[in-house]
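**Student:** generate a structure from the sequence data that follows.
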Amino acid sequence: VLLRVICSPPQNYPLYIRSIPTENELKFHYTVHTSLDVVDEKISAMGKALVDQRELYLGLLYPTEDYKVYGYVTNSKVKFVMVVDSSNTALRDNEIRSMFRKLHNSYTDIMCNPFYNPGDRIQSRAFDNMVNSMMVQVC
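**Tutor:** You can find the predicted model right below:
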């Protein structure tokens with residue numbers, strides 16, 4: 001089970017949500033929205049030190065019985081949240097970090113598209129393909 005969400009900084013509404021399998025999607029929405037509070041707490045706790053870093057990987061936000069929730073924030077305060085099945089022990093911290101980098105690079109490509117309006121839901125076939133390929137590798 002894997003889920004990625006990109007949230008807009010001021011409003012914290014999801015711009016992109018993808019999960020496999022799709023049957024527990026409502027539970028994932030709740031998990032992601034509660035994790036945004038943890039992301040905000042970590043950002044405020046790190047304060048100025050976080051602003052000076054180029055790498056904004058927040059690491060494990062919190063574990064539950066079933067899932068591990070990871071976070072990443074861009075310099076423009078766009079939040080990425082990834083929920084991974086707790087039983088998946090093959091994923092290491094470096095692999096999660098590289099997945100967030102790929103996600104961030106693809107998001108940057110979307111933002112460079114002159115036909116994309118920032119704040120709109122992401123509907124890009126290239127972005128979908130990249131996310132699907134990452135999810136297939138993990139699942």
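
**Student:** and residue 87, that one's in a helix?
**Tutor:** No. Secondary structure assignment (DSSP: H, G, I helix; E, B strand; the rest coil) places residue 87 in coil, not in a helix.

**Student:** what distance separates the longest helix seen in the chain from the middle of the whole chain?
**Tutor:** In the chain, with assignment by DSSP state H, the single longest helix is helix 25-46. Offset of helix 25-46 from its chain centre (C-alpha atoms, centre = their mean, to the nearest Å): 10 Å.

**Student:** got a list of contacts for that helix?
**Tutor:** 3, 5, 7, 12, 14, 17, 19, 50, 58, 61-62, 64, 67, 69, 71, 73, 77, 79, 81, 83 (C-beta atoms under 8 Å, 6 or more residues apart in numbering). Glycine gets a C-beta too; all of them are placed from N, C-alpha and C.

**Student:** please indicate which of the residues you listed are buried?
**Tutor:** Neighbour-count burial (16 or more other C-beta atoms under 10 Å) is assigned, among the contacts of helix 25-46, to 3, 5, 7, 14, 17, 19, 50, 58, 61, 67, 69, 71, 73, 79, 81, 83.

**Student:** right, and the helix or strand after the lowest-mean-pLDDT helix or strand in the chain?
**Tutor:** Least confident helix or strand, the chain: helix 48-52 with a mean of 57, by mean pLDDT, DSSP states H and E. Next helix or strand after helix 48-52 toward the C-terminus (DSSP states H and E): strand 57-63.

**Student:** so what strands line up beside the helix or strand just after that next one?
**Tutor:** Going down the chain from strand 57-63, the next helix or strand is strand 67-73, by DSSP H and E. According to DSSP bridges, strand 67-73 has the following sheet partners: strand 57-63 (antiparallel), strand 79-85 (antiparallel).

**Student:** next one: strand 67-73 to chain centre, how far?
**Tutor:** With C-alpha atoms, centre = their mean, you get 7 Å for strand 67-73.
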